[in-house]
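A.B. asks: Sequence first, predicted coordinates after that:
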Amino acid sequence: MALTGDLLIGGATRHGTAGDIHGLDAATGEKLEPAFGAAGPDDLEKACALAAEAFPIFRETDLEARAVFLETIAQNIMDIGDELVQRCVTETGLPQARVEGERGRTVGQLRLFAATVREGSFLEARIDPAMPDRKPMPRVDLRLRNVAVGPVAVFGASNFPLAFSVAGGDTASALAAGCPVVVKAHSAHPGTSELVGKAVQKAVKDCGLHEGVFSMLFGSGRVIGQGLVADPRIKAVGFTGSRSGGTALMATAAARSEPIPVYAEMSSINPVVLLGGALAARGEAIGKAFVGSLTMGAGQFCTNPGLILAIDGEGLESFVKGASAALGEAPAATMLTPGIHEAYCEGVKRLDGHSQVQKLAEGKVGEKFQGQAALFSTKAADFLANPELQEEVFGSTSLIVRCADEAELQKVLGSVEGQLTIALHMEEGDHDDARKLLPVLEEKAGRILVNGFGTGVEVAPAMVHGGPFPATSDGRSTSVGTLAIARFLRPVSYQDMPDALLPKALQEANPLNVPRRIDGKLG
Ligand SMILES: NC(=O)C1=CN([C@@H]2O[C@H](COP(=O)(O)OP(=O)(O)OC[C@H]3O[C@@H](n4cnc5c(N)ncnc54)[C@H](O)[C@@H]3O)[C@@H](O)[C@H]2O)C=CC1
Ligand SMILES: O=C(O)CCC(=O)C(=O)O
């Protein structure tokens, strides 16, 4: 399919006239064709107007029709074939196998949401039947279900061009909830975005849905992204990216005359706690496995293990030995954009030049836009005294914090900001120490994992990919897994509503056959 560089506004395509955006070959920095036209105010207006028009119809589509729509998007993405993989590899510098894997995750995610919609428990249907004879007061008939919140603005992420982008988790969960979506495509992979966007647009048509269910705009974040979040017809926002971008959108959303929720996944350094028994038994092997996680995707994962915590001693030295040896062999890797590469180099330079930080090891030197992996170390007291050492360095760099004892380890954990993940490496003999840490781990992170690393999130019902600020803007939510749908729903209660007027999910005969909690019990 020849790329056109057009905006997708409902069922139409039109070339934006507010400037040109070019994808770049991530490895060389060369401009790729075609030029993608940035959206202007009229394009934004049209996309939001169509989304608002589609909303009342789309939110009441049959569950089966909505599920088929999600499956059709998945199939249409697969039908693009190799062209999608090749364009994505060129625009992002990510290896082909990774892009193919991410495509599998993306379509798997759409299919999982289709199954979630069919199953129906996301509606949270509850019925508390009337008790006319209750004394001293009769009880009214109360019925609750979740409804979609309204059109959602989704910001594609640079580092997951498929699974967290145009048809990624935010879009899949919003559509599953019954919300039309307006995507602000990431300028780092416009060709990938167009291909996927057209697959979604085609699915809307294939399924006979209102054209306003999906639109996609190119443009700058500060203009078109801000305009989208400020538009009164947008009712929620999904975002993955930088802390500055996420917090800017939170501020815009909060300043609206009708403030709206922003679900932004931002910065996380994902502490890894190495307990004594694990270090003594297999410190060197953990070090080697850690480097595998650290360098995956050039370290451009928000789940990247950026902080290692352990009590100083022989065990930690064996970890350092294993990690340093593996890191020395780690090839440099092309980063997503020249800007991300530059920010990474600056972050590494900051750590390297810090008087309380020592460099322990480096990966192989790379070419122009390649990131060189690095491992640093500092003492816990210095880490505690220098809060800037907590700042995310987005790429394959990590900092070991050497603690004097358990109390200092607890103190360091108590000082870290909210995280997506915290990993514990332990043996059975470490259970008592781990038990003492669990309350602070639960306070700080959305996912606590054992003897592994957070990179490579499973898309599953029990997954939480979230965490307290700044990992996300709202630690009560997840952006991966079926619970992600809850971000785009709100409960409505119907009191003494005649059966004929009730939504199907709450009618006495349960025509949708959805799970319902009757008088507090699942029926
Ligand atoms: N923790 C994480 O998961 C990630 C962190 N990052 C961090 O972000 C840096 C830049 O990478 P990008 O992916 O370009 O992230 P970014 O946050 O700069 O951009 C993401 C999206 O938000 C938009 N945007 C940015 N600033 C905005 C603003 N003030 N108002 C409205 N929209 C705005 C952009 O146009 C883009 O569509 C990286 O170097 C890294 O430090 C990036 C990706 C993921
Ligand atoms: O580790 C993963 O699979 C997901 C990471 C992620 O959400 C991100 O980097 O934005």
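C.D. replies: The structure has been received and is ready for your questions. Ligands and ions are numbered 1, 2, ... in the order given.

A.B. asks: all contacts plus neighbour counts: C-alpha atoms, from now on.
C.D. replies: OK.

A.B. asks: Enumerate every residue touching the residue of the stretch 1-150 of the chain found nearest ligand 2.
C.D. replies: Ranking the residues of the stretch 1-150 of the chain by distance to ligand 2 (C-alpha to the nearest ligand atom) places Glu102 first, at 8.9 Å. Neighbour list for Glu102: Phe160, Leu162, Ala163 [criterion: C-alpha atoms under 8 Å, 6 or more residues apart in numbering].

A.B. asks: SS state for it?
C.D. replies: The assignment at Glu102 comes out as helix when based on DSSP: H, G, I helix; E, B strand; the rest coil.

A.B. asks: circling back: who wins for neighbours among the contacts of Glu102?
C.D. replies: With neighbours set by other C-alpha atoms under 10 Å, the maximum within the contacts of Glu102 is found at Leu162, which has 30 neighbours.

A.B. asks: Surely that residue is in a strand?
C.D. replies: No - according to three-state DSSP, the state of Leu162 is coil, so it is not within a strand.

A.B. asks: For it, which residues are in contact?
C.D. replies: Val99, Glu102, Arg103, Thr106, Gly168, Thr192.

A.B. asks: Please repeat the previous calculation with a cut-off of 6 Å.
C.D. replies: Gly168 (C-alpha atoms under 6 Å, 6 or more residues apart in numbering).

A.B. asks: Roughly how far does the residue of the stretch 1-150 of the chain closest to ligand 2 sit from ligand 1?
C.D. replies: Using C-alpha to the nearest ligand atom, to the nearest Å, one obtains 15 Å as the distance from Glu102 to ligand 1.

A.B. asks: Go through the helix or strand hosting Leu70 and flag the buried ones.
C.D. replies: Applying DSSP states H and E as the criterion places Leu70 in helix 63-80. Neighbour counts over helix 63-80 (16 or more other C-alpha atoms under 10 Å) mark 63, 65-78 as buried.

A.B. asks: The residue nearest to Leu44 when sequence neighbours are not counted - how many residues pack around it?
C.D. replies: Nearest non-adjacent residue to Leu44, counting by C-alpha to C-alpha, 6 or more residues apart in numbering: Leu228, 6.9 Å away. The local packing count at Leu228 equals 27, with neighbours defined by other C-alpha under 10 Å.

A.B. asks: tell me the pLDDT at Leu228?
C.D. replies: According to the model's per-residue confidence, Leu228 sits at a pLDDT of 98.

A.B. asks: I'd guess it is in a helix, am I close?
C.D. replies: Yes - when three-state DSSP is applied, Leu228 is found to be in a helix.

A.B. asks: Would you mind measuring from it to Ala130?
C.D. replies: Here the distance between Leu228 and Ala130 works out to 44 Å (C-alpha to C-alpha, to the nearest Å).

A.B. asks: what does Gly475 give?
C.D. replies: Counting by C-alpha to C-alpha - Gly475 and Ala130 are separated by 36 Å.

A.B. asks: Neighbour count: these two, which is higher?
C.D. replies: Gly475 (23 against 16).

A.B. asks: and stretch 498-518, how far out from the chain's middle?
C.D. replies: Per C-alpha atoms, centre = their mean, to the nearest Å, the displacement of stretch 498-518 from the mean C-alpha position of its chain is 33 Å.

A.B. asks: in it, what counts as buried?
C.D. replies: Of the residues in stretch 498-518, those scored as buried under the neighbour-count criterion (16+ other C-alpha under 10 Å) are Pro503, Lys504, Ala505, Leu506, Gln507, Leu512, Val514, Pro515, Arg516, Arg517.

A.B. asks: Keeping just the C-alphas, turn it into PDB.
C.D. replies: Included here for stretch 498-518 are C-alpha records, laid out as PDB according to Å, rounded to 0.1, in the frame of the first residue of the first chain:
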ATOM      1  CA  PRO A 498     -39.300   0.100  34.400                       C
ATOM      2  CA  ASP A 499     -37.800  -3.100  32.700                       C
ATOM      3  CA  ALA A 500     -38.700  -1.900  29.200                       C
ATOM      4  CA  LEU A 501     -36.500   1.200  29.700                       C
ATOM      5  CA  LEU A 502     -33.500  -0.500  31.300                       C
ATOM      6  CA  PRO A 503     -30.400  -1.300  29.300                       C
ATOM      7  CA  LYS A 504     -30.300  -4.900  28.200                       C
ATOM      8  CA  ALA A 505     -27.600  -5.800  30.700                       C
ATOM      9  CA  LEU A 506     -29.900  -5.000  33.500                       C
ATOM     10  CA  GLN A 507     -33.300  -6.300  32.200                       C
ATOM     11  CA  GLU A 508     -34.900  -9.000  34.300                       C
ATOM     12  CA  ALA A 509     -34.500 -11.700  31.600                       C
ATOM     13  CA  ASN A 510     -30.700 -10.900  31.100                       C
ATOM     14  CA  PRO A 511     -30.900 -11.000  27.300                       C
ATOM     15  CA  LEU A 512     -27.200 -10.400  27.000                       C
ATOM     16  CA  ASN A 513     -26.400 -13.200  29.300                       C
ATOM     17  CA  VAL A 514     -23.800 -11.200  31.100                       C
ATOM     18  CA  PRO A 515     -22.500 -12.100  34.600                       C
ATOM     19  CA  ARG A 516     -24.500 -10.100  37.200                       C
ATOM     20  CA  ARG A 517     -24.100  -9.500  41.000                       C
ATOM     21  CA  ILE A 518     -27.600 -10.000  42.400                       C
END
